[in-house]
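Undergrad: would you be able to build a 3D model of this:
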Amino acid sequence: MTDPSIIPVAQGTEGGGAALDQVALMTGAAAVVGAVLLWVAYLHRTRRITWLQRLADFSGRIMNRPGWVALPIAMFLATILTAFLGFIWDVSLHVGKGRDAGPLANPAHYFILVGLFFLFMAGMLAVILPLDEKPGRAAVKITRDWYAPVGGILIAGAGLYALIGFPLDDIWHRLFGQDVTLWGPTHLMLIGGAGLSLIGVLLLELEGRYNRPDPERIDGRFLWVIQAFAFGGLVIGLSVFQVEFDFGVEQFRLVLQPMLIVFAATIALISARLALGPLSTLLLVAFAFCVRYIVAVLVGTGFEAPRNVFPLYLGAAIVVELLALLPLIRRPLWWGALTGLGVATVGIWLESLWIERMFVNPWVGGMWLELLAMAVPVGVAGGVIGAMLGTVLRGEALPKPAVRRGIVVAAVVIAAAATTNGLIIRVPENASATVTLTDADPEGGRMVTADIRLSPADLISSDPEWVEILSWQGGTGDDSPGHGLVVDRLRRVADDHFVSTRPVPVHGTWKTLLRLQDGRMQSALPIFMPLDPGIGAAEVPAPASFTRPFVEEISVLQRERSFDHPSWLITVAGLVVLACSLALIAAMAWGAARVNDRYLAAGSTPDQKATVEP
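TA: Numbers count the residues shown, from 1 in each chain. Next up, the predicted model:
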């Protein structure tokens, strides 16, 4: 049987790349802004302006850091919040409304673009500001008398990587249609670059501590809090890969969510505890919670779009703080491995209590064996990586180069293997559902409840991850149920019999489907899909009773996606993005090792001014 949701009615013109006039306008604007920034940089480097240096010196006096550290960090902290607000708003608009009419038609894109552009500028500021000095022993030589701090280079590189994701995203959509998922390869470039830039910020601040203008002046609580907030930003940055789970529209197996939480928690919390000391992890998870809550309220209430929930990380922080009481913390790598194990077991169990109360889909008992098999190796690997980052930030020696390189490679392989396992799904053959709809009170249009019988009767086990009806992309605003998102977890009556617990919409632009996930089995069938001439898709009506087959879920959730291309093409495109991502990870590892090696070789510590050779 053919899935009626993907029957073409006419060749559509939407769902691909942006309109050429919008591409030209964005390219022109970026060129103008870039030219202005290059001109300002040239004037500063040739000493024809002084206001930029004065501003940097003023920031440096407040923070007791060189101006090439203080001003870029101040700019970064302001801009990364702007980008994050735009990102959550953008995801929420896609969940509530669907695809964009174009990049300039989505107001959230302006926040993202401005945030990422200023992120890149913050890194470049650190690169261009040093004039009459070599900014520390780890500085990288650019010209005969121009050196740049490692942290600045990494921030600029991560920002550029994220910015490049925008034009590549348009190319991707022209080739493959609009893959309405956070985990599209070019989308991962955008969020990955922004998230990893926080490591560059932490390294830049470390270079500043090694080169304090007034080495006798003791850093106060204010700077400690700023560092804690930077680690809180790292928690948020590493958490963005989970955002589809936060909205309840995950397009991947549920077992990936705890693994991703462990990945973020071990790297950020373990490094923070080593660098900042007792109770620091509790402060940074509180900061991350406040930021996420404010953004969720702004998007859900102020912008009238679907609201999201988010992981708490409190359980992981408690585990880290308790295990930090062990004498083993004096051997950071071993302590990091043990703590990563604790986060991946006790910490993730504590997190599951929050997930069960706040999220659409709790972690069911049947998934815990695979959950632990994925989370424990990732937790141990992430714990060791977090311990190495914390060791660098404390100004202590890393292991020998061959050992640390092996650890980083092993961690990447472990994370990749766990992710790959989580992406493997099975679509059931000859499976269908008979759906009987009963009209409910209308809310802007037709609303229904459903009585569903699955075939075969043993299609799912007694403890599936989800059997639910998802209605999304119906339009945002107070007059739209759930601001464009409704998820109904069905009540089980018998092995093969499920019923609704709330009405769902089957009108307008709503896309309503029945979703199943049970272990590796993941599938869906359309209940109602609107006519969409823009992509050449027929309407899938919602009669009072019907029987339809289960199909691969991506064909329904990503209706705009084009499957009319050679399979090798998307593989090659994905591998290119993967190679670029691995290069960014390698750059972060190189930067941390360079700062560590160069300063320790000179006998410097973060609490004393480093001697810089001319």
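
Undergrad: what about the helices in the stretch 251-400 of the chain?
TA: In the stretch 251-400 of the chain, the helices defined using DSSP state H, counting those that start in this stretch lie at 256-276, 280-297, 314-323, 332-342, 348-358, 368-394.

Undergrad: got it, and the stretch 1-150 of the chain?
TA: Listed in chain order, the helices of the stretch 1-150 of the chain (DSSP H, counting those that start in this stretch) span 20-45, 51-63, 67-97, 107-128, 150-176.

Undergrad: kindly report the same for the stretch 401-550 of the chain.
TA: Counting by DSSP H, counting those that start in this stretch, the helices of the stretch 401-550 of the chain are 401-423.

Undergrad: now the strands for it?
TA: 432-440, 447-455, 466-472, 485-489, 491-494, 497-499, 504-505, 511-518, 521-528, 545-549 (DSSP state E, counting those that start in this stretch).

Undergrad: follow-up on the earlier one: mind giving me JSON lines with the helices of the stretch 251-400 of the chain and columns for mean pLDDT?
TA: Converted to JSON lines, the helices of the stretch 251-400 of the chain look like this (pLDDT from 0 to 100):
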{"stretch": "helix 256-276", "mean pLDDT": "97"}
{"stretch": "helix 280-297", "mean pLDDT": "95"}
{"stretch": "helix 314-323", "mean pLDDT": "98"}
{"stretch": "helix 332-342", "mean pLDDT": "98"}
{"stretch": "helix 348-358", "mean pLDDT": "97"}
{"stretch": "helix 368-394", "mean pLDDT": "97"}
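
Undergrad: from these, which stretch is densest packed?
TA: helix 256-276 (a mean of 28; mean count of other CB atoms under 10 Å). The C-beta positions use only the backbone N, C-alpha and C, and glycine is treated the same way.

Undergrad: wasn't residue 193 part of a helix?
TA: Yes: checked against DSSP: H, G, I helix; E, B strand; the rest coil, residue 193 lies within a helix.

Undergrad: for it, which non-adjacent residue is spatially closest?
TA: residue 162 (3.0 Å; CB to CB, 6 or more residues apart in numbering).

Undergrad: and that neighbour, how far is that from residue 496?
TA: Counting by CB to CB, to the nearest Å, the separation of residue 162 from residue 496 is 47 Å.

Undergrad: so between the two, which is more surrounded?
TA: Neighbour count, other CB atoms under 10 Å: between residue 162 and residue 496, residue 162 has more, with 26 against 17.

Undergrad: who touches that one in this structure?
TA: 116, 119-120, 189-194, 197 (CB atoms under 8 Å, 6 or more residues apart in numbering).

Undergrad: quick one on the thing from earlier: and the residue nearest to residue 193, how far from residue 199?
TA: Taking CB to CB, one finds residue 162 at 14 Å from residue 199.

Undergrad: what's the closest of the strands of the stretch 401-550 of the chain to residue 568?
TA: strand 521-528 (24.4 Å; CB to CB).

Undergrad: could you check the pLDDT of the residue nearest to residue 193?
TA: On pLDDT, residue 162 comes in at 91.

Undergrad: nearest to residue 240, of the helices of the stretch 251-400 of the chain?
TA: Proximity to residue 240, assessed across the helices of the stretch 251-400 of the chain by CB to CB, is greatest for helix 256-276 (9.1 Å).

Undergrad: show me what the closest one is packed against.
TA: helix 221-239, helix 243-247, helix 280-297, helix 314-323, helix 332-342, helix 348-358, helix 368-394, helix 401-423 (3 or more CB pairs under 8 Å, 6 or more residues apart in numbering; DSSP states H and E).

Undergrad: wait, isn't residue 550 in contact with residue 515?
TA: No: between residue 550 and residue 515 there is no contact under CB atoms under 8 Å: 9.7 Å.

Undergrad: shared neighbours of the two, which are they?
TA: What both residue 550 and residue 515 touch, as defined by CB under 8 Å, 6+ apart, is the set 523-524.

Undergrad: which stretches of the chain have low pLDDT?
TA: Scanning the chain with the threshold set as pLDDT under 70 gives 1-21, 23, 563, 607-614.

Undergrad: quick check, central residue of it?
TA: residue 240 (2.2 Å; CA atoms, centre = their mean).

Undergrad: any idea how far the closest residue to it other than its chain neighbours is from residue 421?
TA: Once flanking residues are discounted, residue 240 sits nearest to residue 191: 4.5 Å by CB to CB, 6+ apart. Here residue 191 is placed at a distance of 22 Å from residue 421 (CB to CB).

Undergrad: these two: which is more packed in?
TA: Taking other CB under 10 Å, residue 191 and residue 421 do not tie; residue 191 has more neighbours (24 against 16).

Undergrad: tell me the contacts of the more buried one?
TA: So residue 191 contacts 87, 162, 182, 240-241 (CB under 8 Å, 6+ apart).

Undergrad: nearest residue to residue 348 in space, please, no chain neighbours.
TA: With sequence-adjacent residues excluded and distances taken as CB to CB, 6+ apart, residue 348 is closest to residue 258, at 5.2 Å.

Undergrad: so what's residue 569 up against?
TA: Contacts of residue 569 (CB under 8 Å, 6+ apart): residue 175.

Undergrad: ditto for residue 527
TA: When contacts are counted by CB under 8 Å, 6+ apart, residue 527 touches 435, 437, 450, 469, 504, 506, 512-514, 540, 542.
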